[in-house]
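**Student:** Prediction below, plus the sequence it came from.
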Amino acid sequence: MGDDILSYNGGVALAMKGKECIAIACDKRYGVQNRTIATNFTKIFQYSDHCFVSFCGLATDVQTVSERLKFRTNLYELREQRKLKPNVLYNMLTNLLYERRFGPYFVFALVVGLDPKTGETFIYDSDNIGAVSDNVNLATVGTASEYIFGLGELFFKPNMNADELFEATSQALLNGVDRDSASGWGAVVYVIEKDKITVRELKGRQD
Amino acid sequence: MVESVIGIRGKDFVLLAQDANTTKYGILNMKFDTNRLFKLSEHCAMLAAGEPGDVVQFAEYVGKNIQLYKMINGIELSPYACANFTRHEMATSLRSRNSFLANLVVGGYSTNERDQNRAQLYSIDYLGAMVSANVVAHGFCQFFALGIGDRLWKEDLTVDEALFMLQTIVNELGKRMAAYPHCVFVRIIDAQGIRVLDNMYPEKIHVAKPSEGELQTSADMMDIHS
């Protein structure tokens, strides 16, 4: 348990696509191996009107990488005088992670976004050294990612509307974290649509 | 791990408690009045525990830099800003030549009226992971403090309720920890600043004398002088 640095703090996140909407969800546990220290540690960060990133892994690196990425995105917005697009954010993130190829940050990342004009949806995931992925329908990161992948594949249907998407995402996450001792203690789900973003907190099993 | 640092957040105040022992070689009690509190600003302070040299070096470095900010800019940093600065220094030093094995509790009262929560409490571990909570602790006392905190903490905790919670934790530490905390220093941070409250001591454990019955053996009960 002490050897696996990616499961030292625990945590999990999931993203799923719908029709012109995206959902991203994460658990709220912060623990040290088998001890739970806090239950308000959310792992989703907003970088633009419709761009969100979730980091799972070592808690200190979750905070450090999210802050360093915020620094770069702030500079981008100042220089370019425009907001970030999801694929640009993804490229910035993978670049940031690969800079530390031989002394890496211990976080896996999920980047999600929506183009408000066209409704095009984006979900990308990345390992801790910036391996790029395709634009996928479903992605998970974290200690319970295998369990949630299985449930996610089960609940996913193409072209879901926002309510169906919220249900599918929530059920996949809540039931998946019940099988993992290092994740859980509540969840937060963001549903991103063209004109609004809805944030909901889920209760779930408090263990 | 053996040193206790505990923080409890209440309505408009933060209570910071630390055991006052210094132990050496795992068994010797060297000192009974060790100070683990480092003042960061008029309304913010930090408790630090861990590797002895690292604790003092890191805490003094962070404290002096926060005081420098006040001298240069003329205003004091809020507890949130102090905690984030501290976390940043800890995270930066983690992947450098000099990392610090120090676990911290940063607590304070924000003098900004527009803050939602005026009393702020943060826990920062030696890797630089920061979290805000109502009850925080580091070391073996974490097992006791968090569990008792889960049972006794409530919204709008008063000072007396928080002191009762702390006394319960200290009693439990005295009863169950082999490294007995002879004395616990208690400080409170509220709108008036940082004040020192009375020391807290674990309650005395009373154990019944062993009964005389255990002194009798079966041989005693045989009458050999018949």
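**Tutor:** Looks like it arrived, so ask away.

**Student:** rest of the way, CA atoms for contacts and neighbours
**Tutor:** Noted.

**Student:** Flag every buried residue along stretch A:141-159.
**Tutor:** Applying a neighbour-count criterion of 16 or more other Cα atoms under 10 Å in any protein chain shown, the buried positions in stretch A:141-159 are A:Val141, A:Gly142, A:Thr143, A:Ala144, A:Ser145, A:Tyr147, A:Ile148, A:Phe149, A:Leu151, A:Gly152, A:Phe156, A:Lys157.

**Student:** got the contact list for that stretch?
**Tutor:** Among residues not part of stretch A:141-159, those counted as contacts by Cα atoms under 8 Å, 6 or more residues apart in numbering or on different chains are A:6-7, A:10-14, A:16-19, A:55-57, A:108-110, A:125, A:138-140, A:168-169, A:172-173, A:175-177, A:179-180, A:182-183.

**Student:** now the closest residue to chain A within chain B, nearest residue through space, not along the chain?
**Tutor:** Among the residues of chain B, B:Ala129 lies nearest to chain A; the distance is 4.0 Å by Cα to the nearest Cα. Nearest residue to B:Ala129, sequence neighbours excluded (Cα to Cα, 6 or more residues apart in numbering or on different chains): A:Thr60, at 4.0 Å.

**Student:** avg pLDDT for the helix ranked longest in chain B?
**Tutor:** The residue-count maximum for a helix in chain B (DSSP state H) belongs to helix B:52-73. The pLDDT scores in helix B:52-73 average 95.

**Student:** Could you name the helices and strands sitting against it?
**Tutor:** Counting contacts by 3 or more Cα pairs under 8 Å, 6 or more residues apart in numbering or on different chains; DSSP states H and E, the secondary-structure elements packed against helix B:52-73 are strand B:37-41, strand B:44-50, helix B:79-94, strand B:102-109.

**Student:** go with 7 Å
**Tutor:** With contacts taken as 3 or more Cα pairs under 7 Å, 6 or more residues apart in numbering or on different chains; DSSP states H and E, helix B:52-73 sits against strand B:37-41.

**Student:** quick one: strands adjacent to the strand it packs on?
**Tutor:** Strand B:37-41 has its sheet partners listed here by DSSP bridges as strand B:44-50 (antiparallel).

**Student:** Show the pLDDT at the residue nearest to B:Ala129.
**Tutor:** A:Thr60 carries a pLDDT value of 97.

**Student:** Which helix or which strand is home to A:Val188?
**Tutor:** Counting by DSSP states H and E, the element that carries A:Val188 is strand A:187-193.

**Student:** Give the pairing partners of that strand; include direction for each.
**Tutor:** When pairing is defined by DSSP bridges, strand A:187-193 lines up against strand A:21-27 (antiparallel), strand A:197-202 (antiparallel).

**Student:** A:Leu93 falls within a helix, correct?
**Tutor:** Yes - when classified by DSSP: H, G, I helix; E, B strand; the rest coil, A:Leu93 is found to be part of a helix.

**Student:** who's in contact with it?
**Tutor:** The neighbourhood of A:Leu93, defined by Cα atoms under 7 Å, 6 or more residues apart in numbering or on different chains, consists of A:Leu69.

**Student:** change it to 10 Å
**Tutor:** Neighbouring residues of A:Leu93 by Cα atoms under 10 Å, 6 or more residues apart in numbering or on different chains: A:53, A:65-66, A:68-69, A:72-73, A:87, A:109-111, A:126, A:129-130, A:132.

**Student:** same question, A:Asp178
**Tutor:** With contact set as Cα under 10 Å, 6+ apart, A:Asp178 has these partners: A:Ala144, A:Tyr147, A:Gly184, A:Trp185, A:Gly204, A:Arg205, A:Gln206, A:Asp207.

**Student:** And for the fourth one, the neighbour number?
**Tutor:** A:Trp185: 25 surrounding residues under other Cα atoms under 10 Å in any protein chain shown.

**Student:** Then B:Pro202?
**Tutor:** The tally of other residues near B:Pro202 (other Cα under 10 Å) stands at 19.

**Student:** Which pLDDT value does the model give it?
**Tutor:** At B:Pro202, the predicted lDDT confidence score is 96.

**Student:** ok, and the closest non-adjacent residue to it?
**Tutor:** B:Asn171 (4.4 Å).

**Student:** Over to B:Val106?
**Tutor:** Excluding the flanking residues, the one nearest B:Val106 by Cα to Cα, 6+ apart is B:Met46, at 4.4 Å.

**Student:** and the most centrally placed residue in chain A, what helix or strand is that in?
**Tutor:** For chain A, the residue sitting closest to the mean C-alpha position, by Cα atoms, centre = their mean, is A:Ser54 at 2.9 Å. A:Ser54 belongs to strand A:51-57 when elements are defined using DSSP H and E.
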